[in-house]
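>>> sequence unavailable; structure follows:
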């Protein structure tokens, strides 16, 4: 028995195969077309109409109620109901399509169906009579054509009579998914906002979005206040185990930071926090656990498991987030203990959730580096402990990519640097570190084992200006990259080079093992997408020279910046993207590499430049 | 195009019609067979297997994953996935059927699929390894074969690590629908309880149920503490409008009563309140609003609408009910402002939710009398203001059916009474009131207009013993039914007879208008089911003599007692019955009769005996 059926999508003229019995809505979704379904796919709204010629099962009872006999006779059907049974031809009219929008953020640019979870609907409520004595909630659903399964939390039910009386009849319903979260007096449907939040171990970044248009209204960031209690996730996990109030302290610190960012975003945009109805949150699994107040201790020991991997959807007030108290917080799902919601976000941002026929990889470079590989229907992910070198930690003169950081270094007889914000340099950030490492290697100051050559060895092999920068310190050799404001040396030490080797070794090992798992080599990669705080500025050639990334034609490399945040923003404006993220978390294959003997062996090889 | 398909159910050999594209599970449900679906109908558990020969669409992807090729080849299918496309023959093996059980309560006896919402599953959790690093919640779902969409509230996620560690590996998961509500150490799967609660305006009744067997473990009742603030719903609604803390006072009073009943039930059965995981609640719409703390004021004025009509499902702690704090409270849906969750319960108890080919009516007699009529696919309901006569209110010597109440009266030359609990009578309850009214009518002391004959008129027409019982009081005539303990007369006044006429007039008008709406007459009724606190004891002949109920052959009359509570108990042990109740609330036609001119005219006619 052949279980697939051919579907031709019109007016595109695209033909593809789906499993028999798939709904037309799901079928065309596989071809990238999102049909609007404000009723939550129950057939109640009649807005998902398509036209079919053949190959579709007879109309369901729901369809016969929603459509006239004439419509049915001419092939009009509800795509949430009609099922493909034979080869079919389906026309999806423009009116039934979710508008597309483009999410742009850093190096990310992806078209997504514009279908926010938050929907505001205004109406003049007709007076009820004895002929129509339905309950108020049902009255709202009918009058405003809201989804049939819309329900309300107890708090809103309690406030509903007062809200209806205060409105004088003209009222705006705010729905978040299948929940009515607010009733506002008058027509406020023109204003509605959401925030996408990336709760990083070190930095928290937020984006404010107008949910009526999908447009970004600004970004803001802050240092995660949890850093006061430890710089890495392990330290914070330990704090929750060792201190009775450790978890609560860290939860509050995360919340304070998020709320500070939300406050900044809304103030700068002239928006009230009560008008922010939903937040989407990404972060690694430990950050998500700490934010939710869920003990993360299983993440700190073998085999590193989360308590919950599903997406979590809760009331803003329950989460403690300072948006509309009945608003919702949607935390993206995680894939594994070290492949978190931030990775799911970066996968969405890089488009790896979809198979476009190419072999593509995404690496989100941070203290923990998560890598994902898309080959046909397979999405394989792993994580590798890159260490904090690229974020400036454990590097003698390292710093975060902030004003004063050296972000570019050229060595050509002597050294030229570019400093973020201009002025005197204060330290080296990730991209500067990559540059200086690669340039010293190219110049011969560092050899391929990572050893910095001594003054005696350098004599006659490099320019005197370069040789002069090498300093013999008590702890070993160091290279003076620049002079800081007070004349102190911004330098790269032998130890820094070892840190850089550890980082690049871990990342390369992850990339290689993932490719091997799929039976592929570096040459098979059609695209390598690099995400991370420093991603926009890194020098591709230098990254290849260091062996941080494989030697690929430069046009196959793409830097997308903060992919995690971009993914959170996609989930905020597009429930279709939210479902895709959930599919990614459910279906990705997780390759456990850290801690395996294979990894250790490959890792030590990959440390060579 | 013909949209229906014939399905033959085996081994029953029953043939029936369903719409094309119906799932096999839904199809056989229409024939009264409930297939087990512990996974929540997502195809994840593979437990809903059936065998089909033809007429069913090709297997879905989910089926091809869950079933082997050999199984598929031999016709084994998942009934939640497979859809009827042609005439089909379906064998539902015993293993796939939800066990049936009989709910017995008062005069109710109905078989329902035993499928409680609360499911306890015990397992030894295997240690997780690096090969299987899924999140704990997913680990539980997989190890215990729990439904794929099982999720946990934030509170449980926070406690989960501690609960898992304390359990030493052997753990019992308590699921309530799609929510994990508790993790208990060891194997506690043998103990699990629920309560069905009827929150009446005057009386609260509860039943404790063993959810592992479905058996009742006892009943308890208490006077609703709200009666301290007013005897009828209108008084209580007014209190919420007139006093700032009126709603909160009434909410607490309802909760205190319910919690008292729950405490009594659990203590008497030797069950801990933490072992009670779910409560189902029925009550009229005002009682439900007061319990939830939702302002009921729209119920107190035209057109008498509820805030919410849907079933409400919330955490026990949020509701304030003293069972397991993460347990759930399920409040049955209401149909209209005066046709509440109690009526939905009584409809389930009387079986009117199903069309069995007969014309059936159910009347739940109380201060407000709700009446439902089942004719083919139609279920029509109405409510009529019977007044509190049958509950003993506004009757000179009226009282509730409690010890000391006269429950039976015979007049045969003189008067004989039967008193609840024996001993001296204290007053007249509903059934006694019906008896005395009917007997006085038969004896000629009262005429068909409801007028009590004067002493002069009675002379020679009734026995001297009866005539002697008629007393001329300042406010009019009265009839001495019996003497109370201190020698005071338990009597029926002319005014009482007028109250009785109002009550029976309202009920009869409701019955007649409902029949008319369906184009039927009294003779078309195959069954009339009477529910209500007094229902078990009322004398059928006297009720007919008074005209309270139509003159039907006695075998067509059935008394079921507290149908509302029986329905709540069905919803507690059977999610299938819960869905039926929701279907009733959604699909019942509501006939608005009170307040219409037609009602007034008919009502005054129906007041005649």
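Ah, there it is. On a predicted model such as this, the values are computed, not experimentally measured, just so you know.

>>> now do the strands in the stretch 151-300 of chain A.
Remark: strands assigned in the stretch 151-300 of chain A by DSSP state E, counting those that start in this stretch are A:151-152, A:170-176, A:179-185, A:193-199, A:203-210, A:216-223, A:276-283.

>>> and those strands: which comes nearest chain B?
Comparison of those against chain B by CB to the nearest CB identifies strand A:151-152 as nearest, at 6.3 Å. (C-beta placed from N, C-alpha, C; glycine too.)

>>> list of residues touching that closest one?
Applying CB atoms under 8 Å, 6 or more residues apart in numbering or on different chains, the external contacts of strand A:151-152 come out as A:137, A:160, A:178, A:179, A:180, B:308, B:310.

>>> identify the farthest-apart pair in those residues.
A:160 and A:178 (16.7 Å; CB to CB).

>>> picking up where we left off before, JSON lines please, covering the strands of the stretch 151-300 of chain A and showing mean pLDDT, mean neighbour count and distance to residue B:414.
What follows is the strands of the stretch 151-300 of chain A, written out as JSON lines (pLDDT from 0 to 100; neighbours: other CB atoms under 10 Å in any protein chain shown; distance: least, CB to CB, whole Å):
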{"stretch": "strand A:151-152", "mean pLDDT": "96", "mean neighbour count": "22", "distance to residue B:414": "61"}
{"stretch": "strand A:170-176", "mean pLDDT": "97", "mean neighbour count": "22", "distance to residue B:414": "67"}
{"stretch": "strand A:179-185", "mean pLDDT": "97", "mean neighbour count": "20", "distance to residue B:414": "65"}
{"stretch": "strand A:193-199", "mean pLDDT": "98", "mean neighbour count": "29", "distance to residue B:414": "81"}
{"stretch": "strand A:203-210", "mean pLDDT": "96", "mean neighbour count": "24", "distance to residue B:414": "86"}
{"stretch": "strand A:216-223", "mean pLDDT": "94", "mean neighbour count": "17", "distance to residue B:414": "90"}
{"stretch": "strand A:276-283", "mean pLDDT": "98", "mean neighbour count": "28", "distance to residue B:414": "76"}
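
>>> rewinding a little: report the buried members of the contacts of strand A:151-152.
A:137, A:160, A:179, A:180, B:308, B:310 (16 or more other CB atoms under 10 Å in any protein chain shown).

>>> the residue in the stretch 301-450 of chain A positioned nearest to chain B: neighbour count?
At 3.4 Å from chain B, residue A:309 is the closest residue in the stretch 301-450 of chain A, using CB to the nearest CB. For residue A:309, the neighbour count with other CB atoms under 10 Å in any protein chain shown is 26.

>>> list the contacts of the closest residue to it other than its chain neighbours.
Excluding the flanking residues, the one nearest residue A:309 by CB to CB, 6 or more residues apart in numbering or on different chains is residue B:135, at 3.4 Å. Going by CB under 8 Å, 6+ apart, residue B:135 touches A:305, A:306, A:307, A:308, A:309, A:310, A:334.

>>> what's near enough to touch residue A:443?
Residues near residue A:443 by CB under 8 Å, 6+ apart: A:411, A:462, A:466.

>>> top of the residues you listed by neighbour count?
residue A:411 (24 neighbours).

>>> quickly find the element holding that residue.
strand A:405-412 (DSSP states H and E).

>>> partners of that strand in the sheet?
With DSSP bridges as the test, strand A:405-412 is paired with strand A:414-419 (antiparallel), strand A:427-428 (parallel).

>>> contacts for that strand, please.
A:392, A:399, A:401, A:415-420, A:425-429, A:431-432, A:435-436, A:439-440, A:442-443, A:466, A:481-482, A:490, A:537, A:539.

>>> which of those residues are buried?
By 16+ other CB under 10 Å, the contacts of strand A:405-412 give A:392, A:399, A:401, A:415, A:417-420, A:425-429, A:431-432, A:435-436, A:439-440, A:443, A:466, A:481-482, A:490, A:537, A:539 as buried.

>>> take the residues you listed and keep only those in helices.
A:431, A:432, A:435, A:436, A:439, A:440, A:443, A:466 (DSSP state H).
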